[in-house]
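Asks: test case, fold it:
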Amino acid sequence: MSMLIESDWNDLECVLWHSDTHVLEHWYRDQSDPSQPWYRSTTISTRATGPGCLIQSSPIAPNEHGDFQVVVPEDNNLVHYRRDNSNGSDQTWTLDAIVSNKATGAGSMIQSTYGTPNYPGNFEVVVPEGSNLVHYSHDNSQPNPQWSGPTIIMDSAVGSAALIQSTFGIPNHPGNFEVVVPSHISGSYNNQLQHYYRDNSNMQWHFGEAVLDQEYGLYIHSPSLIQSTYGTPTYPGNFEVIVVDSWGNLLHLFKPNNGSTSKWYIGANIIPEKGEIANPGPNALIQSNYNQSEGMTGNFEVITVPTDSYQYWHRDNGQAGQPWIPGPTITNAYPPSSRTPVTDLHEDTQRASEAQAKRNLSPLPRTGAVYTPPIALK
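Replies: Below is the predicted model:
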């Protein structure tokens with residue numbers, strides 16, 4: 001799943017869950033401000049029992065902003081919310097549908113290429129229902145689209161999964177769906193992070209490679225998956241994953257897709273201090289457009305919960321071997337009832353109002369990187 005995107009406002013947007021108050025909020029980082037402050041925007045749900053997943057769907061009309069789409073667990077319901085971005089002054093989120101009434105964890109959502117270019121791409125969701133990881137689809141070519149499913153992907157899930165659509169696949173068919181999910185190993189106390197993929201030429205799910213094997217412990221938490229631009233255009237982009245292991249390390253793993261290997265490799269710990277993730281919450285990884293204007297590889301952007309607060313990190317991919325750089329704390333994951341903002345930037349209400357006003361201007365041409373399949377970078 002991913003709670004983080006880069007929107008067509010060129011801003012980073014995220015949905016942050018507060019477990020004690022059951023509130024899911026929308027936050028964004030204003031890229032037009034040199035200090036790049038984070039602002040709280042609106043409340044999405046007051047009944048959230050797990051993290052949300054955010055995408056920006058394709059716009060309905062030219063020069064409009066695509067709508068925001070969120071799925072979030074509310075008890076055993078996985079609920080789909082939508083924010084209509086065609087009217088910049090209206091920030092209201094509406095409950096669109098119940099995706100699943102048997103959800104036991106967070107969902108991961110994408111907009112796929114199914115139905116394009118004649119219709120908007122379908123919405124796709126994977127969510128755990130007990131030990132089953134299941135797939136739902138929302139056919140956006142229909143006049144009154146509904147969620148259909150579930151289709152069982154695997155039956156040994158021990159946590160929430162991450163879903164993308166990749167550039168792999170058969171010509172003239174949609175790109176494959178790729179999933180990573182914490183899985184129980186039969187006959188072992190430990191779990192592993194397992195890769196599955198669906199060949200969309202025949203719609204069959206297949207068992208892939210172990211991303212992180214059982215030597216990394218009993219608990220593997222909160223994976224986030226992308227296909228990056230590393231290796232392109234000569235080869236399909238690498239797969240990149242972040243995940244928390246049993247010892248509280250936020251690991252970055254990658255799989256080169258140049259045909260030389262089927263193995264996953266472990267990169268540097270994102271947070272250098274080992275065991276820093278004391279209270280594993282949701283994690284999000286994207287590749288942004290930052291640096292691409294100079295012809296470089298776009299940065300990796302991460303949001304994680306080291307202890308009790310959401311923290312932003314990034315890696316400058318302009319040069320090889322760059323470290324992960326910590327950014328500001330965005331907000332508490334477990335805030336006091338007053339929900340006082342954590343940093344002085346958030347207390348500047350005038351600045352926040354001005355930033356929101358800029359977003360409410362007439363729609364702009366799409367210059368940012370929206371969550372655009374088949375490479376699910378956002």
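Asks: per-residue pLDDT, the closest residue to residue 210 other than its chain neighbours?
Replies: Here the nearest residue to residue 210 in space, its sequence neighbours aside, is residue 192; by CB to CB, 6 or more residues apart in numbering that works out to 5.1 Å. C-beta coordinates here come from the backbone N, C-alpha and C atoms, glycine included. Taken from the predicted model, the pLDDT recorded for residue 192 is 91.
Asks: and residue 228, how far from residue 267?
Replies: Counting by CB to CB, to the nearest Å, the gap between residue 228 and residue 267 amounts to 12 Å.
Asks: what's the answer for residue 133, then?
Replies: 26 Å.
Asks: what about the two, which has more around it?
Replies: Set side by side, residue 133 and residue 267 show unequal neighbour counts under other CB atoms under 10 Å, the larger going to residue 133 at 31 against 14.
Asks: and the strands in the stretch 101-250 of the chain?
Replies: Listed from the start of the chain, the stretch 101-250 of the chain has strands (DSSP state E, counting those that start in this stretch) covering 108-111, 123-129, 132-138, 147-154, 162-165, 177-184, 191-199, 204-212, 221-227, 239-244, 250-255.
Asks: mind putting those strands into CSV with distance to residue 70?
Replies: Shown next, in CSV, are the strands of the stretch 101-250 of the chain (distance: least, CB to CB, whole Å):
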stretch, distance to residue 70
strand 108-111, 8
strand 123-129, 11
strand 132-138, 13
strand 147-154, 14
strand 162-165, 15
strand 177-184, 19
strand 191-199, 23
strand 204-212, 25
strand 221-227, 16
strand 239-244, 21
strand 250-255, 24
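Asks: nearest to residue 54, out of the ones you listed?
Replies: Taking CB to CB as the criterion, residue 54 comes closest to strand 108-111 out of the strands of the stretch 101-250 of the chain, the separation being 8.0 Å.
Asks: what does that closest one contact?
Replies: With contact meaning CB atoms under 8 Å, 6 or more residues apart in numbering, strand 108-111 is reached by 1-2, 53, 55, 57-58, 69-71, 120-127, 160-165, 179, 371, 373, 376.
Asks: name the strands paired with it and say parallel or antiparallel.
Replies: The strands beside strand 108-111 in its sheet (DSSP bridges) come out as strand 123-129 (antiparallel).
Asks: may I see the buried residues of stretch 20-31?
Replies: Along stretch 20-31, these residues count as buried under the neighbour rule (16 or more other CB atoms under 10 Å): 23-31.
Asks: check stretch 152-168 too.
Replies: Going by 16+ other CB under 10 Å, stretch 152-168 has these buried residues: 153-154, 156-166, 168.
Asks: may I have stretch 310-327 exported as CSV, CA atoms only?
Replies: Coordinates of each C-alpha in stretch 310-327 appear next as CSV, following Å, rounded to 0.1, in the frame of the first residue of the first chain:
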residue,chain,number,x,y,z
TYR,A,310,5.1,10.4,10.9
GLN,A,311,8.5,11.3,9.5
TYR,A,312,9.6,12.2,6.0
TRP,A,313,12.8,10.9,4.4
HIS,A,314,14.3,11.1,0.9
ARG,A,315,17.2,9.9,-1.2
ASP,A,316,18.7,12.1,-3.9
ASN,A,317,19.1,9.8,-6.9
GLY,A,318,21.2,12.3,-8.8
GLN,A,319,24.4,10.4,-7.9
ALA,A,320,25.1,6.8,-7.0
GLY,A,321,25.5,5.9,-3.3
GLN,A,322,23.7,8.8,-1.8
PRO,A,323,22.4,8.4,1.8
TRP,A,324,18.9,8.7,2.9
ILE,A,325,18.2,12.2,4.3
PRO,A,326,15.8,12.8,7.2
GLY,A,327,13.2,15.5,6.8
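Asks: ok, back up a step: which one among the buried residues of stretch 20-31 gets closest to residue 253?
Replies: Checking those against residue 253 by CB to CB gives residue 29 as the nearest, at 25.7 Å.
Asks: that closest one contacts residue 9, doesn't it?
Replies: No: the pair formed by residue 29 and residue 9 falls short of the contact definition of CB atoms under 8 Å, at 10.2 Å.
Asks: thinking again about what came up before, which of the buried residues of stretch 20-31 lies closest to residue 272?
Replies: Proximity to residue 272 was ranked across those by CB to CB; first place goes to residue 29, at 23.3 Å.
Asks: and that closest one, how far from residue 88?
Replies: Distance, residue 29 to residue 88, by CB to CB: 18 Å.
Asks: hey, where'd the strands end up in the stretch 251-378 of the chain?
Replies: 265-266, 284-287, 300-304, 309-315, 324-332.
Asks: and the ones you listed, which is most packed in?
Replies: strand 284-287 (a mean of 26; mean count of other CB atoms under 10 Å).
Asks: how about low-confidence regions in the stretch 201-350 of the chain?
Replies: Low-confidence segments of the stretch 201-350 of the chain, defined by pLDDT under 70, are located at 216-218, 274-280, 292-295, 334-350.
Asks: thank you, goodbye.
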